[in-house]
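this is a predicted model, with the sequence first.
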Amino acid sequence: MNNNCIFCKIIGNEISSVSLYEDDDFKVIMDISPAVKGHAVLIPKKHIANIFEMDENTASKIFVVAAKVAKAMQEELKCDGLNILQNNGEAAGQTVFHLHMHLIPRYLNDTVRITWAHDSYKTGEAEVIAAAINKRIK
């Protein structure tokens, strides 16, 4: 636990939240500033700053919980789709430095926009970058 972390305080019940799921490793709460009604945040109970610090045990479980909650959301909310959004580091838009995953129900013609400007690779550039990254995968 990190005493300065809002998500650690929520997990420790120092700050109230509307919880929709909890187990030994994770808590899922309703987002206080939702992109759309039903928007939830999946939080590991262990303080992990971001994906770069995430251990394999947490990694192996987080999508099991995400899928379980997403299926329940789709069934209950009748959403047409769902975004899973997880930012790592300030440059990527992370504002709370405790790993978390947004589960955002989506509806045809809703007002939520998650976009970026498209880039491209020069001939052979993708292969060079892929090979360089691959050498570092442990």
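Nice, I can see it. Numbering: from 1, shown residues only.

and residue 94, helix, strand or coil?
coil (DSSP: H, G, I helix; E, B strand; the rest coil).

my guess is it contacts residue 87, does it?
Yes - under the criterion of C-beta atoms under 8 Å, residue 94 makes contact with residue 87 at 4.1 Å. For glycine as for every other residue, the C-beta is placed from the backbone atoms N, C-alpha and C.

where does the closest residue to residue 46 other than its chain neighbours sit: helix, strand or coil?
In this structure, residue 46 finds its nearest non-sequential neighbour in residue 58, 6.6 Å apart by C-beta to C-beta, 6 or more residues apart in numbering. Here residue 58 takes the helix state, with states given by three-state DSSP.

the most centrally placed residue in the chain bridge partners, please.
Closest to where the C-alpha atoms of the chain average out (C-alpha atoms, centre = their mean) is residue 101, at 1.5 Å. When bridges are taken as DSSP bridges, the partners of residue 101 come out as residue 42.

can you check the one 4 residues further on too?
Under the criterion DSSP bridges, residue 105 forms beta bridges with residue 82.

quick check: it vs residue 65, distance?
Relative to residue 65, residue 105 is positioned 16 Å away (C-beta to C-beta, to the nearest Å).

and the two? Which one has more around it.
Using other C-beta atoms under 10 Å as the criterion, residue 105 and residue 65 rank with residue 105 on top: 24 against 20.
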